[in-house]
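In: Quick one, structure for this:
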Amino acid sequence: MKILCVVKQVPDSNATVKVRADGKDIESAGVKLVVDPFDEFGVELAVQLREKGNPVSEIVAITVGDDKAGEALRTALAMGADRALHLNDAKFASSNELFTAYLMAQAVRKEGETFDLVVCGKQNIDLDSGATGAALAEFLDLPHVAAVQGFELTDGGRRFTARRRIEGAEEVLEGELPVVLTIDKGLVEARYPSLPNLMKAKKKPLKVFTAADIPGEEAGSAGTHVDRLTPPAPRPDCKFIEGEPAAMAKELVRLLREEAKVV
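Out: Okay, the predicted model is just below:
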């Protein structure tokens, strides 16, 4: 069984990030970059499946990004992935997740590879979007299970059972591999790579793809794009309502109608 793990490098959620003056991107100088936490869950799931004795022959990490994004792949390799694919070209730079998924599918096809399981974060914490996993499933012509919070292999690794939360209940899905999963919180807790494993990761295979290797990079002109980033609006001051319960309730309704305009 071969597992493909999609990873993306994003700003650390604990870092202070500012929007550039032109609104086109964030100020990247001095900002710590990490593997997206949701994508880390996918890598951890793959490694745990192997550790539990499932017939996992190879774990491959893949990302689209510049030279710096190679660090995210090294982290995945240190966590337990065996090798990595890095799509690195200025022509690949895009906030269009459909384009990103298209590029990864093209790289997989160019390698002549087939994967039994593809794992990806439910969303990314930078743009808070979640189209990559579903789009990749479409480009690879594979079924897709979203927001997975429970997963196990059955029938010798040929079938799976996946669980996810829905409103007021838990949904259980069963099926045959191959499948694409997008991972939600609660499935696994990502490990912190040890220093020896980080050193070993530098010696693991990492293949780079450029626009010369993957045809159709002009597809990046289509789809969704970020037009402008703006910082969140400042929070208004909190209002305290005092008085008798009936009067307080009446005043609350008035504020919701006239000021907040949510009723």
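
In: so F115 sits right up against A46, yeah?
Out: No - using Cβ atoms under 8 Å, F115 is not in contact with A46, being 10.5 Å away. (C-beta placed from N, C-alpha, C; glycine too.)

In: ok, these two, which is more surrounded?
Out: A46 (30 against 22; other Cβ atoms under 10 Å).

In: which residues of the chain fall in helices?
Out: 37-51, 70-79, 97-110, 132-139, 195-201, 245-258 (DSSP state H).

In: and the shortest one, what other elements does it pack with?
Out: If contacts are counted by 3 or more Cβ pairs under 8 Å, 6 or more residues apart in numbering; DSSP states H and E, helix 195-201 sits against helix 70-79.

In: and the helix it packs on, how far out from the chain's middle?
Out: 14 Å (Cα atoms, centre = their mean, to the nearest Å).

In: tell me what it is packed against?
Out: Judged by 3+ Cβ pairs under 8 Å, 6+ apart, helix 70-79 is in contact with strand 33-35, helix 37-51, strand 58-64, strand 83-87, helix 195-201, strand 206-209.

In: average model confidence for the fifth one?
Out: It stands for helix 195-201. The average pLDDT within helix 195-201 is 94.

In: do the same with the first one
Out: When pLDDT is averaged along strand 33-35, the result is 92.

In: Which strands and helices lie in contact with that strand?
Out: Packing contacts for strand 33-35, counted by 3+ Cβ pairs under 8 Å, 6+ apart, involve strand 9-11, helix 70-79.

In: where does the protein have low pLDDT?
Out: Applying pLDDT under 70 to the chain flags residues 216-225.

In: ok, now how distant is L153 from D141?
Out: If you measure L153 against D141 using Cβ to Cβ, to the nearest Å, the figure is 21 Å.

In: So for the two, which sits in the more crowded spot?
Out: Neighbours were counted for L153 and for D141 using other Cβ under 10 Å; L153 has more, 19 against 8.

In: May I have the beta-bridge partners of that one?
Out: Beta bridges link L153 to F160, judged by DSSP bridges.

In: For it, list the residues it contacts.
Out: Listed by Cβ atoms under 8 Å, 6 or more residues apart in numbering, the contact set of L153 reads 49, 54, 159-160, 177.

In: do that again at 7 Å, thanks
Out: 49, 54, 160 (Cβ atoms under 7 Å, 6 or more residues apart in numbering).

In: count of residues packed around the last one?
Out: Looking back up the chat, that one is F160. Per other Cβ under 10 Å, the neighbour tally for F160 reads 22.

In: cool, the first one as well?
Out: Other residues within reach of L49, judged by other Cβ under 10 Å, total 22.

In: residues contacting it?
Out: By Cβ under 7 Å, 6+ apart, the neighbours of L49 are 56, 153.

In: how about 10 Å then?
Out: Going by Cβ atoms under 10 Å, 6 or more residues apart in numbering, L49 touches 1, 3, 55-56, 59, 117, 119, 151-153, 157, 188.

In: Surely G150 and E170 touch.
Out: Yes - when contacts are counted by Cβ atoms under 10 Å, G150 is listed as touching E170 (8.0 Å).

In: which neighbours do these two share?
Out: 163-164.

In: Looking at the two, which is more packed in?
Out: Legend: neighbour count by other Cβ under 10 Å for G150 and E170, higher for G150 (14 against 10).

In: residue contacts, the nearest residue to that one once chain neighbours are set aside?
Out: Nearest residue to G150, sequence neighbours excluded (Cβ to Cβ, 6 or more residues apart in numbering): R163, at 3.2 Å. Contact partners of R163, counting by Cβ under 10 Å, 6+ apart, are 145, 147-152, 170-173, 186-187.

In: Just the closest of those residues to A260, please.
Out: Distance to A260, by Cβ to Cβ, is smallest for A147 among the contacts of R163, at 30.6 Å.

In: Please name the residues that touch the closest one.
Out: A147 touches 122-123, 130, 133, 162-166, 171, 181-187, counting by Cβ under 10 Å, 6+ apart.
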